[in-house]
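In: build me a model from this:
(one chain, ligands or ions: 2)
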Amino acid sequence: MARVGVAFNLKKAREPEDDEPPDAQAEYDSPATVMAVAEALRQGGHQVVFLEADEFLPERIRAENPQVVFNLAEGLRGEGRESHVPALLETLGIPYTGSGVLSLALCLDKPLTKVVLRESGVPTPAFRVIAPGEEIDVGGLRFPLFVKPAHEGSSMGVGPGSVVYGETDLVRQVNMVRDLYRQEALVEEFLPGREFTVGLVGNRFLHAFPVMEINFDPVPPEHGAVYSRHFKEHWDEDRYYLCPAPVDERLAAELVDLARRAFRALRCRDVARVDLRLDGAGHPQVLEINPLPGLAPGFSDLPRAAAAEGWTYEELVNGILDVALFRLGLGHLASGVLVERRMLA
Ligand SMILES: Nc1ncnc2c1ncn2[C@@H]1O[C@H](COP(=O)(O)OP(=O)(O)OP(=O)(O)O)[C@@H](O)[C@H]1O
Ligand SMILES: [Mg+2]
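Out: Residues are numbered from 1 along each chain as shown. Ligands and ions are numbered 1, 2, ... in the order given. Have a look, this model is predicted:
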């Protein structure tokens with residue numbers, strides 16, 4: 001059993017500032033999620049200390065002296081924000097759960113992630129990056145296209161209007177992304193098929209939870225088949241999330257195989273969630289990798305997928321900590337969830 005620091009950034013109860021997009025805080029955790037993670041760790045037998053990851057984090061870490069940190073922190077600002085807390089912890093010599101500095105920074109950069117995927121033989125939609133001020137030219141890409149910010153998560157800047165069918169839509173959407181999010185627009189070929197997400201926990205042995213399908217059937221037609229911010233926030237009933245996904249064994253195996261290959265290509269550790277969609281020919285392609293997947297109990301995709309396999313929330317949280325502890329050579333501090341689940345093979 002360990003003294004575990006939970007590092008987090010909270011959604012603040014305030015209006016967005018003038019220069020922020022309306023969904024600027026979408027990635028941050030609610031106090032309820034942080035408390036749920038802490039409670040799960042306590043049930044795993046650990047002592048928990050809270051480490052809000054703001055400008056005073058270094059002082060807090062010194063005062064609380066954790067043996068290991070359970071990292072939920074999305075970071076405050078900057079293109080590599082998710083890597084800041086791990087970088088600080090490495091500087092201080094404190095071990096932590098999840099992916100390291102390199103993977104966290106890289107996965108936040110969707111175009112660079114796609115370059116690594118492509119080089120690793122993992123299919124991902126063809127794309128162009130259009131920087132602020134640059135001429136809007138998509139080269140050989142064929143409409144319909146999908147436009148999103150190059151460096152965001154949690155469906156920031158993604159909605160029904162992200163699917164563009166011609167030049168006028170394209171220019172409007174690229175300019176919206178560049179003006180509101182002050183960054184490059186990523187323009188990708190639109191994948192018209194079904195959407196899936198695969199949750200992974202582990203390292204050398206990498207456990208995949210059952211594939212989850214994002215079900216667009218109950219969605220109003222004008223919204224379209226896009227896993228938007230609105231979808232993630234408002235459509236949380238079970239009928240929107242099919243897990244295990246109703247797919248044949250071959251497709252399920254292919255999705256899991258691609259998710260694992262993406263995890264390894266991006267050098268992820270301990271936990272991640274990989275988002276995929278089928279192309280026009282029915283073949284899966286990887287959209288992106290989330291090395292800090294949401295852990296809101298009963299709500300986020302990863303806890304839903306784990307529950308579909310019979311894992312309680314406590315088992316998921318302690319499972320993530322345990323794989324990290326075994327990876328770090330600190331297995332004697334683990335709660336034993338993994339041993340029970342035979343995940344050490
Ligand atoms: N090329 C594409 N073709 C079709 N749909 C896409 C494409 N890219 C993104 N989408 C849709 O937009 C959603 C959000 O995109 P993506 O997963 O890349 O962004 P995100 O905001 O980082 O997500 P997360 O909340 O998982 O961090 C996807 O779940 C999917 O529904
Ligand atoms: Mg996604």
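
In: just the pLDDT for the closest residue to A305 other than its chain neighbours.
Out: Closest residue in space to A305, ignoring its immediate chain neighbours: F209 at 3.9 Å, by Cβ to Cβ, 6 or more residues apart in numbering. Every C-beta, even on glycine, is put in place using the N, C-alpha and C of the backbone. F209 carries a pLDDT value of 97.

In: any idea how far ligand 1 is from F209?
Out: Look at F209 and ligand 1: by Cβ to the nearest ligand atom, to the nearest Å, they are 15 Å apart.

In: how about G78?
Out: Distance from G78 to ligand 1, by Cβ to the nearest ligand atom: 17 Å.

In: dump the residue contacts of that residue.
Out: Residues near G78 by Cβ atoms under 8 Å, 6 or more residues apart in numbering: H84.

In: same question, the one 3 residues further on
Out: Residues in contact with R81 (Cβ under 8 Å, 6+ apart) are E74, G75, L108.

In: show me those residues that map onto strands.
Out: Among the contacts of R81, none falls in strands (DSSP state E).

In: count of residues packed around L186?
Out: L186 has 25 neighbours, counted by other Cβ atoms under 10 Å.

In: now, which of the contacts of R81 lie close to ligand 1?
Out: Among the contacts of R81, not one lies near ligand 1 by Cβ under 6 Å from any ligand atom.

In: by neighbours, which of those residues wins?
Out: Greatest neighbour count in the contacts of R81, by other Cβ under 10 Å, goes to L108: 25 neighbours.

In: isn't that one up against G80?
Out: Yes: counting by Cβ atoms under 8 Å, L108 touches G80, with 6.8 Å between them.

In: near ligand 1, which residues of this structure?
Out: Counting by Cβ under 6 Å from any ligand atom, the residues of the chain near ligand 1 are 125, 146, 148, 152-156, 158, 188, 190-191, 195, 226-227, 275, 277, 287-288, 290.

In: wasn't L258 part of a helix?
Out: Yes: under DSSP: H, G, I helix; E, B strand; the rest coil, L258 falls within a helix.

In: got a list of what it touches?
Out: Counted by Cβ under 8 Å, 6+ apart, L258 has contacts V122, P123, V274, L276, P284, Q285, V286.

In: of the residues you listed, which pair is most distant in space?
Out: P123 and V274 (12.3 Å; Cβ to Cβ).

In: what residues are shared contacts of those two?
Out: What both P123 and V274 touch, as defined by Cβ under 8 Å, 6+ apart, is the set L258, V286.

In: among the contacts of L258, who's most crowded?
Out: V274 (28 neighbours).

In: in the sheet, who's paired with that residue?
Out: V274 has the following beta-bridge partners by DSSP bridges: V198, I289.

In: next: F127.
Out: E188.

In: coming back round to it: next, count neighbours for the residue nearest to A305.
Out: 26.

In: my guess is it contacts G310, does it?
Out: No: using Cβ under 8 Å, F209 is not in contact with G310, being 10.3 Å away.

In: nearest residue to the middle of the chain?
Out: N290 (2.5 Å; Cα atoms, centre = their mean).

In: now for that one: which residues touch it?
Out: Counted by Cβ under 8 Å, 6+ apart, N290 has contacts C107, G153, A272, R273, V274, D275.

In: repeat that for 7 Å
Out: G153, A272, R273 (Cβ atoms under 7 Å, 6 or more residues apart in numbering).

In: quick one: secondary structure of the nearest residue to the first one once chain neighbours are set aside?
Out: Spelled out, it's G153. Spatially, and ignoring its direct neighbours in sequence, G153 is nearest to E27 (5.5 Å; Cβ to Cβ, 6+ apart). With three-state DSSP as the basis, the three-state label of E27 is coil.

In: and A345, what's its pLDDT?
Out: A345 is given a pLDDT of 46.

In: hang on, isn't S228 packed against G159?
Out: Yes: taking Cβ atoms under 7 Å as the definition, S228 is a contact partner of G159 at 4.6 Å.

In: you'd agree V163 is up against V147?
Out: No: when contacts are counted by Cβ under 7 Å, V163 is not listed as touching V147 (8.3 Å).

In: nearest to ligand 1: which residue in the stretch 1-150 of the chain?
Out: F146 (3.8 Å; Cβ to the nearest ligand atom).

In: which residues does that residue bridge with?
Out: V163, E188.
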